[in-house]
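[1] how does the following fold in three dimensions:
(one chain, ligands or ions: 2)
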Amino acid sequence: MFPIRRNRRLRTNEAIRSLVRETYITPNDFLVPLFVVEGKGVKEEIASMPNYYRYSLELLKDEVKTLWSLGLKSVLLFVKVEDVLKDNKGTEAWNPNGLMQRAIKAVKDVCPDMLVMTDVALDPYSSYGHDGIVEGGKIINDATVEALAEMSLSHAEAGANFVAPSDMMDGRILGIREALDQSNFIDTGIMSYSAKYASAFYGPFRDALDSAPVDMVDVPKDKKTYQMDFANRDEAIKETEMDINEGADIVMVKPGLCYLDIVRDIKNTFDVPLAVYQVSGEYAMLKAAAEKGWLDHDAVMMEQVTSIKRAGADIIASYFAKDVVKLIS
Ligand SMILES: NCc1[nH]cc(CCC(=O)O)c1CC(=O)O
Ligand SMILES: [Mg+2]
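    Ligands and ions are numbered 1, 2, ... in the order given. Here you go, the predicted structure:
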């Protein structure tokens with residue numbers, strides 16, 4: 001007996017495959033992370049992130065123009081802060097003339113329609129490399145939330161469209177929403193890193209910003225008291241639900257590839273746009289394997305970003321955004 005149903009008919013050639021394909025990648029899917037550094041004419045490659053750079057403000061403007069011309073319309077800004085400006089409370093984070101505040105204006109200056117999202121967390125500003133204030137060997141939640149609200153307000157004042165708290169303190173979405181609303185920034189959105197895991201895939205990012213926790217007595221060695229345990233799945237639902245109730249406009253799962261079960265859970269449970277962050281270690285892994293000739297860079301890259309979207313991502317924050325868009329255009 002031969003089979004009546006032959007699924008292979010739908011895979012006969014590229015025309016029929018593209019006709020029945022369920023998931024397409026377009027430039028609209030992407031949020032582009034950008035690293036900003038002080039200085040003039042600086043474009044420095046990040047050692048553990050080949051072909052990814054830190055830009056000083058003038059060159060950041062050029063990069064933003066390039067992104068816009070490729071159809072990439074949203075950026076997520078991170079700044080590398082000079083050591084002398086770091087302290088335990090991260091006070092530089094709400095300096096109205098700080099690097100982030102100038103970077104927001106620089107992007108808007110050259111490309112007013114570019115959607116600007118900003119990272120909100122203390123780690124790039126913290127002398128201890130933590131996302132919160134350190135006291136007696138602990139990360140202090142509520143005082144940190146106040147600092148994050150101040151920081152968010154400062155980003156909104158500089159012209160950010162969305163703030164993106166990546167710190168995982170409890171209650172910070174509510175604290176930030178109230179601070180924004182009280183100052184009449186009712187249209188400034190919040191993209192919450194709602195299910196962010198304590199992951200070893202963030203290493204290259206911490207190189208990029210020189211933001212890793214420092215090795216000192218009375219300073220926690222890792223971020224496990226605020227970022228989630230990677231063994232947990234149900235907890236992601238709880239975290240996400242709370243952030244939505246506190247006012248998050250967009251929620252996020254981070255990292256990407258190892259967490260696609262979480263992505264699908266969240267997608268099936270909530271009706272809020274879902275972002276997924278394909279993080280620095282995921283980028284570095286593929287770059288390294290491709291450099292060795294062990295993996296086909298472009299093929300694996302497309303498989304990865306398509307998998308993230310197939311799993312349920314509405315938005316993909318990815319260092320591959322530009323490479324992908326060049327490849328598919
Ligand atoms: N608040 C810090 C922050 N915001 C985004 C990332 C990681 C992004 C990446 O690895 O690409 C991190 C690192 C961390 O939590 O230590
Ligand atoms: Mg939370």
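[2] what about the residue nearest to residue 224 when sequence neighbours are not counted, neighbour count?
    Nearest residue to residue 224 in three dimensions, chain neighbours excluded: residue 198, at 4.7 Å (Cβ to Cβ, 6 or more residues apart in numbering). The C-beta positions use only the backbone N, C-alpha and C, and glycine is treated the same way. Residues within reach of residue 198, counting by other Cβ atoms under 10 Å, total 15.
[3] surely residue 198 meets residue 231?
    No - with contact defined as Cβ atoms under 8 Å, residue 198 does not reach residue 231; the gap is 10.3 Å.
[4] in a helix, that's where residue 106 is, yeah?
    Yes - under DSSP: H, G, I helix; E, B strand; the rest coil, residue 106 sits within a helix.
[5] buried residues in the helix or strand containing residue 180?
    Element membership for residue 180, per DSSP states H and E: helix 172-182. When burial is assessed from 16 or more other Cβ atoms under 10 Å, helix 172-182 yields the following buried residues: 172, 173, 174, 175, 176, 177, 179, 180.
[6] of the residues you listed, closest to residue 194?
    residue 173 (8.1 Å; Cβ to Cβ).
[7] the closest one and residue 246 touch, don't they?
    Yes - at 3.7 Å, residue 173 and residue 246 qualify as touching, with contact defined as Cβ under 8 Å.
[8] got the contact list for the closest residue to ligand 1 within the stretch 1-150 of the chain?
    The stretch 1-150 of the chain approaches ligand 1 most closely through residue 121 (3.4 Å), counting by Cβ to the nearest ligand atom. By Cβ atoms under 8 Å, 6 or more residues apart in numbering, the contact list for residue 121 reads 131, 148, 165, 166, 167.
[9] now swap in residue 168 and tell me
    Counting by Cβ under 8 Å, 6+ apart, residue 168 makes contact with 131, 193, 196, 223, 226, 227, 228.
[10] is it fair to say the fourth one lies in a strand?
    No - counting by three-state DSSP, residue 223 falls outside a strand, being coil.
[11] pretty sure it is in contact with residue 132, am I right?
    No - counting by Cβ under 8 Å, residue 223 sits too far from residue 132 to count as a contact (9.2 Å).
[12] out of those two, which sits in the busier spot?
    Neighbour count, other Cβ under 10 Å: between residue 223 and residue 132, residue 132 has more, with 31 against 23.
[13] residue 169 is in contact with that one, correct?
    Yes - at 5.9 Å, residue 132 counts as touching residue 169 under the criterion of Cβ under 8 Å.
[14] shared neighbours, the two?
    139, 141, 144, 226.
[15] which parts of the stretch 151-300 of the chain are strands?
    162-165, 189-196, 250-254, 274-278 (DSSP state E, counting those that start in this stretch).
[16] kindly reformat those as a markdown table containing mean neighbour count.
    Formatted as a markdown table, the strands of the stretch 151-300 of the chain follow (neighbours: other Cβ atoms under 10 Å):
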| stretch | mean neighbour count |
| --- | --- |
| strand 162-165 | 26 |
| strand 189-196 | 26 |
| strand 250-254 | 26 |
| strand 274-278 | 27 |
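[17] closest to residue 108 out of those strands?
    strand 162-165 (13.2 Å).
[18] other SSEs contacting that closest one?
    For strand 162-165, the packing partners by 3 or more Cβ pairs under 8 Å, 6 or more residues apart in numbering; DSSP states H and E come out as strand 115-120, helix 141-158, helix 172-182, strand 189-196.
[19] how about the last one and ligand 1, any contact?
    So that's strand 189-196. No - contact of strand 189-196 with ligand 1 is not found when judged by Cβ under 6 Å from any ligand atom; the minimum separation is 6.9 Å.
[20] and the angle for that strand with strand 115-120?
    50 degrees (axes from the mean of the first three to the mean of the last three Cα atoms, to 10 degrees).
[21] which other helices and strands contact strand 189-196?
    Against strand 189-196 (3+ Cβ pairs under 8 Å, 6+ apart) you get strand 162-165, helix 172-182, helix 234-246, strand 250-254.
[22] which residues in the stretch 1-150 of the chain form strands?
    Secondary structure of the stretch 1-150 of the chain (DSSP E, counting those that start in this stretch): strands at 30-37, 43-46, 49-55, 74-80, 115-120, 133-135, 138-140.
[23] do the first one and ligand 1 meet at all?
    No - for strand 30-37 and ligand 1, the contact criterion (Cβ under 6 Å from any ligand atom) is not met; the two come no nearer than 6.6 Å.
[24] so which elements touch that strand?
    Using 3+ Cβ pairs under 8 Å, 6+ apart: strand 30-37 touches strand 49-55, helix 57-69, strand 74-80, helix 99-110, strand 315-318, helix 321-328.
[25] which residues touch the last one?
    I take that to be helix 321-328. By Cβ under 8 Å, 6+ apart, helix 321-328 touches 25-27, 30-32, 66-67, 70-72, 298, 301-302, 305, 318.
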